[in-house]
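J.: 3D model of this:
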Amino acid sequence: EVQLVESGGGLVQAGGSLRLSCAASGSTFDAYTIGWFRQAPGAERKGVSCIASSDGSTIYASSVKGRFTASSDNAKNTVYLQMNSLKPEDTAVYYCAVSLDSACWGTYDYWGQGTQVTVSS
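T.: Below is the predicted model:
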């Protein structure tokens, strides 16, 4: 079983930056597709970014493309989501998750507990 722990959330003004971290234990990220998701109050959870295990390619939701960057550090068994030029509409609980599917947006098997990101205007 994989345990995922997110950190790095907080309160930031619009235009600011945050870097979220997701540390894994119980397994390494190598065999997994890694996704970042977010859920705003009253809204469905949506995919933000994904690093596909099939080829290492990274995709982003259109709403964050050009502002967010996902990366991984295999030595630390940690993945990151660098979020720049934050907007109030980025306010949400952010989750990392891993999937045994080789492509993005399949079924995710393990989830972190989430970290709150709040962007003030």
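
J.: helix, strand or coil: sort out the residue nearest the centre of the chain for me.
T.: With distances taken as C-alpha atoms, centre = their mean, residue 36 lies nearest the centre of the chain, 2.5 Å away. Under DSSP: H, G, I helix; E, B strand; the rest coil, residue 36 falls in the strand class.

J.: residue 121 versus that one, what's the distance?
T.: According to C-beta to C-beta, to the nearest Å, residue 36 stands 23 Å off from residue 121. Every residue, glycine included, has its C-beta placed from N, CA and C.

J.: on that earlier part again, residues contacting the residue nearest to the centre of the chain?
T.: 20, 22, 47, 48, 49, 50, 70, 81, 94, 95, 96, 97 (C-beta atoms under 8 Å, 6 or more residues apart in numbering).

J.: so the fifth one makes contact with residue 68?
T.: Same thing as residue 49. Yes. Residue 49 is within contact range of residue 68, at 6.0 Å (criterion: C-beta atoms under 8 Å).

J.: which residues are in contact with each of these two?
T.: Joint contacts of residue 49 and residue 68 (C-beta under 8 Å, 6+ apart) are 60, 81.

J.: looking at these two, which one has more neighbours?
T.: Comparing residue 49 with residue 68 by other C-beta atoms under 10 Å, the one with more neighbours is residue 49, at 24 against 21.

J.: returning to that earlier point: taking the contacts of residue 36 one by one, which sit in strands?
T.: Secondary structure from DSSP state E places 20, 22, 47, 48, 49, 50, 70, 81, 94, 95, 96, 97 of these in strands.

J.: select from those the one having the most neighbours.
T.: residue 96 (31 neighbours).

J.: can you tell me how far residue 102 is from residue 30?
T.: Taken as C-beta to C-beta, the span from residue 102 to residue 30 is 12 Å.

J.: let's see the pLDDT reported for the closest residue to residue 18 other than its chain neighbours.
T.: Using C-beta to C-beta, 6 or more residues apart in numbering and skipping residues adjacent in sequence, the residue nearest residue 18 is residue 83, 5.0 Å away. Residue 83 is assigned a predicted lDDT (pLDDT) of 98.
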